[in-house]
Structures are given as structure tokens and as C-alpha cells.
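Asker: next comes the sequence, and after it the predicted model I'd like to discuss.
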Amino acid sequence: MRESIIMKTHYGTALAAVALVAVHVLFRLTQGFSESLQYESVIANYQFLPYAGMLEIILILLSIHGFNGLRVILLELKQGRAYEKVVSYGCIAAMLAVIAYGSRTIFMTSMGMV
Amino acid sequence: MSTTPKIAAEQATTIVSPAKTITLRIQRYNPNTDQKKRWIDFQIPYEKWTTVLDAILDAKEHFDHSIGVRYSCRQASCGSCGMIINGRPRLACFTKITELGTNIITVEPMYNFPIIRDLVVSFERLFNNHKKIKPFLIREDSEITQRTKELLQTPEEVERYIQFANCIKCGLCNSACPTMATDSSFMGPQALTQAYRYVSDNRDKGKDDRLKIIDQSHGIWRCHFAGSCSQVCPKGVDPAMAIQLLRGYLLGFRS
């Protein structure tokens, strides 16, 4: 993939994540901060489907942005064809693993399995 | 009556101020023979017009003939005498001792370049990256083809790239670049600036080719916009700006 497409995605995910995390923080402020972190409150948030959907999108956006950032840092630290392939594929695999694990948590909680 | 005795008398009474001296500290290193870098000090007399290159040549002439230094034009045109002077990349022929304001002047080879010997570094990577971006006008016709017209430009069209055409390939921008320090495959501000110089020239038709060359994992996107390249350029070129303008083409803000 061309680097410009990757970097456009990188910038786009950053902007979208800032907007959605702002919504997420505002939701916390609708009630007291400590109250919002209580077990029942967190479970209720997950079971409210639009909110759970937003958390899933934040998870995807931050995973893409974060792991691409990590890839860029690692590519600048060291160079070499084999190393760069390992870094690129390793970051994609780690990103997919984080998204899968986070999605599992979101789905299980929103479906009342926790 | 002859004027010679008068002149002689005048010269005898002229007060000549004793030349001031500075300590010139030169880094010496030969990768073929030396285990590590070492510093050698020289006491060099100077006047207000003495440049660092003059001081180095003075040391070379009077104290140590073996000091390795590359220079040519002595007027900031050839880009040969780039080095780190008091911790900052500068042209030795374009830096006066008096403007540095210190009694000790340290001189080292440019950072981010392999050392050949003492102050002389290899420009191979810089020139390879420069060639990679095709630093010439790409178009099918030519000014020298018969029955074609001169490629005329308006002053506004020239204004778009002329600043970037002042690059003398001295390598100071690459030496100052923090990304160049860690990423050995990074193209560097010099090559990217030259890519912009040709992309923004309305006579050139090779924009797509060049954008493809710089749009790779060690290309334009690795610039972090530290801006140190623009700070050290002796010709007033602004590579940091050129890189941002070039990014505009790749992000779709410019066409």
C-alpha cells in the first residue's frame, strides 16, 4: 500500500478518535465521575447499543492509529528489508489481536454475558 | 627628494595592533587507522575578516599539513566546506570567527554523514537521493528542438520554485535533520526540497513520477517538521516549507 494512503488513514483516525473520545468524556460528565465508573454504570453503558457501538469504533480507530504510529517509530529506529517486513506484519497482527480482544469484551458485555 | 624614506618613517610609527588569537579545536579521525576520535587544539591569529576556513587552512599551513578538509570556492557557492562549527552545521567559508563570539572554536565533520577523514565526509548518500528524485525538467519537447519556442514563464511562475533552486548541495540540512540521524534510508530534506523544486515548476511534466518516488516508507512522511534544516541553510532555502508544500500534493490539497 502506498505510504500516503496509510498516512491519510493515520491522520483521519486521529481526528475521528479525538471527536469520539470527546463524546465519550462528555458522557462521563453527565453524572459524577466516580459514579460513572461504578460497576452497574459501566455495564449499563455497554448495554446501551449506540454507546457500545461508539466504543467499538473508538477501539478500532485508536488501534489503527496507535499501531501505525508504533510501526513508524520502529521503522525509524532500524532499517532492513526483513526487519521492516516483520515490523509491518507484526503491527498489523497486534492491531487485529487488540481489536478482536476488545470487541469480544464489548460484545460479551453488551449481550449480558458478563 | 625621494618619498621612500617618508613612507618608511610612516610605517615605522604606525601602531600595529597585536593580532588576537583563538583556540581552534579540530576533531581528527581516520576510520582506517584510528580507534576513536580525538581533538587537537591550535592557537590561530585572526582578524575581523578571518573565516573559520581561513583558520583551518592557517592551522594546516603552519602546524599540521595532514588535517583533512574539503573546500573549493571560498564564497558559499560550491557547498564543499560544510562542517559542524561550535555544534551547528555551517559553511566554514561563510562563518567569520568574530561572529561566533567565543574564544574556543570547535570544528567537527558533519553529522549524519560517513567520515572519510577528519572534516571530510562522504556525500554518496546525498547525491544518490538527489539523483533518485530526477533533478531535471521532464517533458517530451525541448528548447533545443528546432521550431519550438523558448519555455517562457511569468515572474509568478518563477517565484514558486526559485528559492528552492538556490540549493548548493552542501548537505547542512541533512546534517541538521533529526530523522537522518536514526533513519539511514530516509531521503533527507535536500532531496525532498529538490523534488518540490521540480514539481512546482510549471515547465516540468514529471510530477507523478516524483510523487511516486517520495511516497514510500522512508520518503516524505518520515519528516517530523523539526525545521532545523531551514535554520541552517546558508542559501536561505526553506526545506521544511518545501516538504510541507509537497505533502499538500500527496494529501490532495494541491494539484
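Answerer: Everything's here; your move.

Asker: list the contacts of the residue nearest the centre of chain A.
Answerer: Central residue of chain A (CA atoms, centre = their mean): A:L59, 2.5 Å from the mean position. Residues in contact with A:L59 (CB atoms under 8 Å, 6 or more residues apart in numbering or on different chains) are A:98-99, A:102-103, A:106. Just so you know, the C-beta spots here come from the backbone N, C-alpha and C atoms, and that holds for glycine as well.

Asker: how does it look with 6 Å?
Answerer: A:G102 (CB atoms under 6 Å, 6 or more residues apart in numbering or on different chains).

Asker: what segments of chain A are helices?
Answerer: Taking DSSP state H as the test, the helices found in chain A are A:3-29, A:33-36, A:39-47, A:49-77, A:81-110.

Asker: got the ones you listed as a markdown table, with distance to B:A176 columns?
Answerer: Output for the helices of chain A, formatted as a markdown table (distance: least, CB to CB, whole Å):
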| stretch | distance to B:A176 |
| --- | --- |
| helix A:3-29 | 24 |
| helix A:33-36 | 46 |
| helix A:39-47 | 50 |
| helix A:49-77 | 17 |
| helix A:81-110 | 26 |
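
Asker: which of those helices sits most buried?
Answerer: Sort these by mean neighbour count, taking mean count of other CB atoms under 10 Å in any protein chain shown, and helix A:49-77 sits at the top with a mean of 17.

Asker: which one of the helices of chain A lies nearest to B:G87?
Answerer: Nearest to B:G87 among the helices of chain A is helix A:49-77 (23.2 Å), distances taken as CB to CB.

Asker: run the chain-centre distance for the closest one.
Answerer: Distance of helix A:49-77 from the chain centroid (CA atoms, centre = their mean, to the nearest Å) equals 4 Å.

Asker: same question, stretch B:89-106
Answerer: From the chain centre to the centre of stretch B:89-106 is a distance of 15 Å (CA atoms, centre = their mean).

Asker: B:D201 contacts B:Y161, correct?
Answerer: Yes: taking CB atoms under 6 Å as the definition, B:D201 is a contact partner of B:Y161 at 5.0 Å.

Asker: out of the two, which sits in the more crowded spot?
Answerer: Comparing B:D201 with B:Y161 by other CB atoms under 10 Å in any protein chain shown, the one with more neighbours is B:D201, at 22 against 19.

Asker: got the contact list for the more buried one?
Answerer: When contacts are counted by CB under 6 Å, 6+ apart, B:D201 touches B:Y161.

Asker: so it sits in a strand?
Answerer: No: going by DSSP: H, G, I helix; E, B strand; the rest coil, the assignment for B:D201 is coil, not a strand.

Asker: ok, now how distant is it from chain A?
Answerer: 21 Å (CB to the nearest CB, to the nearest Å).

Asker: report pLDDT for that residue.
Answerer: Looking at B:D201, its pLDDT stands at 95.

Asker: in chain B, which spans are helices?
Answerer: With DSSP H as the criterion, chain B has helices at B:4-13, B:52-62, B:97-100, B:124-132, B:155-159, B:172-176, B:178-182, B:189-199, B:207-214, B:228-232, B:239-251.

Asker: buried stuff in the second one?
Answerer: The neighbour-count criterion (16 or more other CB atoms under 10 Å in any protein chain shown) identifies B:52-60 as the buried residues of helix B:52-62.

Asker: what sits up against it?
Answerer: Contacts of helix B:52-62 (CB under 6 Å, 6+ apart): B:24, B:42, B:44, B:67, B:69, B:71, B:81, B:85, B:92-93, B:95.

Asker: closest to B:I104 among those?
Answerer: Once CB to CB is applied, the member of the contacts of helix B:52-62 that ends up nearest B:I104 is B:L24, at 8.2 Å.

Asker: beta partners of the closest one?
Answerer: B:F42, B:I105 (DSSP bridges).
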